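S.K.: I'll drop the sequence and a predicted model, then ask my questions.
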Amino acid sequence: MRSAVTEMLGIEFPLIAFSHCRDVVAEVSKAGGFGIFGAAGIGPGKLEAELAWIDDHVDGKPYGVDLIVPMRYESKGAKVTRDDQVSKVPQTHLDFVTGVFNRHGIEGDALDPDSLKRGTRLGTNIRDDGASALLEVAFAHPIKLIANALGTPPAYMIEMARAHGVPVAALVGAREHAIKQVQAGVDMIVASGGEAGGHCGEVSTMILVPEVVRAVREISDIPVVAAGGIVTGEQMAACMAMGAQGVWTGSVWLTTAEAETSPVVKEKMLAATSRQTIRAKSRTGKPSRQLRSAWTDAWEAPDAPEPLPMPLQSIIAEPAMARITRLAEGGHEGARDLASYYVGQGVGLMNTAQSAKGVVYQFMEEFLDASERLTGLTAQD
Ligand SMILES: Cc1cc2nc3c(=O)[nH]c(=O)nc-3n(C[C@H](O)[C@H](O)[C@H](O)COP(=O)(O)O)c2cc1C
């Protein structure tokens, strides 16, 4: 199959798979799609190890790396340490989390100071120095795409990509953002609708894709790929019928055999309907779609504090979720009720665990069936 995206990335089928799991990235690329490794939560040392592993297992097929360097976050531009960030977390929020834990049978303080300090790497990686360190590592590998979420990629990201001959992709949730990204010089727009797992806007994929395709077409010939809620080949065909040159997916890989998703969360996802997700700020401080659970319900309750701005909310939420997941895996019922993870509304269609390669092949079959169905509608007898 040929589209602007298969040409740009050197792939057979324009199905892009975002994943934090190196095995998923390698398997999708080997099956003819394109794996893109999410690096926002890890440090440069771990990224180096993960990319070296992918290089050894991807049979020379192309893959990419994704970062999160937002336009806006707490203390942007200031020099802050991890301790500074932790000291900005109000006691009210820590007490609230302890209250939620205690109500679900998890005794004692929810979060000790050490776990807050260890927490997530996100607070470091979203800063220019953290992101630059990751980019140095990424560009030392044969990556074929670098992507950025939550804002226009910083100029140094685009310059480094140009120097290495690597195209830059940017995720957008609104037409206006797509125009800004084109003006900033990106090579591919990922139009991600509000159904998507993880950070997402409010506009649905069905509306956003044609809106962005039309707006981009007026000013540039760079490709637009569709994201948000796409978990089948029929949906992929529909998005390409709307002018997308490929699709970008995240949720559908979470229940594959290779994914590192906790078995407890995987089981919840396989059983969930499309109505069991919520778009909320309680995980990172910016709206992100997650599996609805007792944890997300607690943050929606009238007594809940306002989530903190990025990256402070993650300093609480990530160690809390890590502890919840560990306890849930050990059989703790209260923790099981609280367990959650990012996932999109497509979760309602994710009902069987498959291999990553199996998902790619199923997309291919469904895409062909859908294309034939459409062609059949206009065929002359
Ligand atoms: C578990 C999970 C984590 C995500 N983390 C990131 C991230 O770090 N960077 C990013 O650009 N997008 C991230 N996303 C969004 C995906 O790149 C993608 O846009 C989204 O998953 C598409 O919608 P879908 O989940 O309905 O397929 C994440 C999505 C999921 C499900």
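M.R.: On my side now, so go ahead. Numbers count the residues shown, from 1 in each chain.

S.K.: Next to the ligand, which bits of this protein? Give me the list.
M.R.: Residues of the chain lying close to the ligand by C-beta under 6 Å from any ligand atom are 18, 38, 40, 66, 68, 147, 149, 171, 192, 195-198, 227-230, 248-252, 342-344, 346. Using the backbone N, CA and C atoms, a C-beta is placed for each residue, glycine as well.

S.K.: residue in the stretch 151-300 of the chain nearest to the ligand?
M.R.: Closest to the ligand within the stretch 151-300 of the chain is Gly250: 2.0 Å, counting by C-beta to the nearest ligand atom.

S.K.: residues in contact with the nearest residue to that residue once chain neighbours are set aside?
M.R.: Closest residue to Gly250 apart from its sequence neighbours, by C-beta to C-beta, 6 or more residues apart in numbering: Phe18 at 4.3 Å. Phe18 makes contacts with 36, 38, 66, 248-250, 253, as judged by C-beta atoms under 8 Å, 6 or more residues apart in numbering.

S.K.: at 7 Å what do you get?
M.R.: Counting by C-beta atoms under 7 Å, 6 or more residues apart in numbering, Phe18 touches 36, 38, 66, 248-250.

S.K.: How far does the strand or helix carrying it sit from its chain's centre?
M.R.: Using DSSP states H and E, Phe18 maps to strand 15-19. Computed by C-alpha atoms, centre = their mean, to the nearest Å, the chain-centroid distance of strand 15-19 equals 9 Å.

S.K.: average pLDDT across whatever helix or strand comes next after that strand?
M.R.: As assigned by DSSP H and E, the chain's next helix or strand after strand 15-19 is helix 22-30. Across helix 22-30, the average pLDDT comes to 98.

S.K.: For helix 22-30, name the packing helices and strands.
M.R.: In terms of contacts (3 or more C-beta pairs under 7 Å, 6 or more residues apart in numbering; DSSP states H and E), helix 22-30 is packed against strand 15-19, strand 34-38, helix 44-57, helix 356-378.

S.K.: try 10 Å
M.R.: Helices and strands touching helix 22-30, by 3 or more C-beta pairs under 10 Å, 6 or more residues apart in numbering; DSSP states H and E, are strand 15-19, strand 34-38, helix 44-57, strand 63-68, helix 356-378.

S.K.: looking at those, which is closest to Met240?
M.R.: Met240 lies closest, by C-beta to C-beta, to one member of the helices and strands packed on helix 22-30: helix 356-378, at 8.2 Å.

S.K.: Give the buried residues for that closest one.
M.R.: By 16 or more other C-beta atoms under 10 Å, the buried positions in helix 356-378 come out as 356-357, 359-364, 366-367, 370-371.

S.K.: ok, back up a step: of the residues of the chain next to the ligand, which belong to strands?
M.R.: 18, 38, 66, 68, 147, 149, 171, 192, 198, 227, 248-249 (DSSP state E).

S.K.: which two from the residues you listed end up farthest apart in space?
M.R.: Ile68 and Thr249, at 17.6 Å, using C-beta to C-beta across those.

S.K.: higher neighbour count, the two?
M.R.: For Ile68 and Thr249, the more surrounded residue by other C-beta atoms under 10 Å is Thr249, and the numbers stand at 30 against 25.

S.K.: on that earlier part again, strand partners (parallel or antiparallel) of the strand holding Phe18?
M.R.: strand 34-38 (parallel), strand 247-249 (parallel) (DSSP bridges).

S.K.: Columns mean pLDDT on top of those, output as a markdown table?
M.R.: Below are the strands paired with strand 15-19 laid out as a markdown table (pLDDT from 0 to 100):
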| stretch | mean pLDDT |
| --- | --- |
| strand 34-38 | 98 |
| strand 247-249 | 98 |
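
S.K.: closest one to Pro309 among the ones you listed?
M.R.: The nearest among the strands paired with strand 15-19, by C-beta to C-beta, is strand 34-38 at 21.6 Å.

S.K.: continuing past the lowest-mean-pLDDT helix or strand in the chain, what's the next helix or strand?
M.R.: Every helix and strand of the chain was ranked by mean pLDDT, DSSP states H and E. The lowest is helix 122-125, at a mean of 69. As assigned by DSSP H and E, the chain's next helix or strand after helix 122-125 is helix 128-139.

S.K.: pLDDT of that following helix, averaged?
M.R.: 90.

S.K.: got the angle for that helix vs strand 63-68?
M.R.: 180 degrees (axes from the mean of the first three to the mean of the last three C-alpha atoms, to 10 degrees).

S.K.: circling back: could you identify which of the strands paired with strand 15-19 is most buried?
M.R.: strand 247-249 (a mean of 29; mean count of other C-beta atoms under 10 Å).

S.K.: Show me how far it is from its chain's centre.
M.R.: Worked out by C-alpha atoms, centre = their mean, strand 247-249 lies 10 Å from the chain centre.

S.K.: Kindly indicate whether the nearest residue in space to Ala174 that is not next to it in sequence is helix, strand or coil.
M.R.: Computed as C-beta to C-beta, 6+ apart, the closest residue to Ala174 that is not its neighbour in sequence is Gly201, at 5.4 Å. Taken by DSSP: H, G, I helix; E, B strand; the rest coil, the conformation at Gly201 corresponds to coil.

S.K.: Report the contact partners of Gly201.
M.R.: Listed by C-beta atoms under 10 Å, 6 or more residues apart in numbering, the contact set of Gly201 reads 171-174, 177, 191-194, 208, 228, 279, 287.
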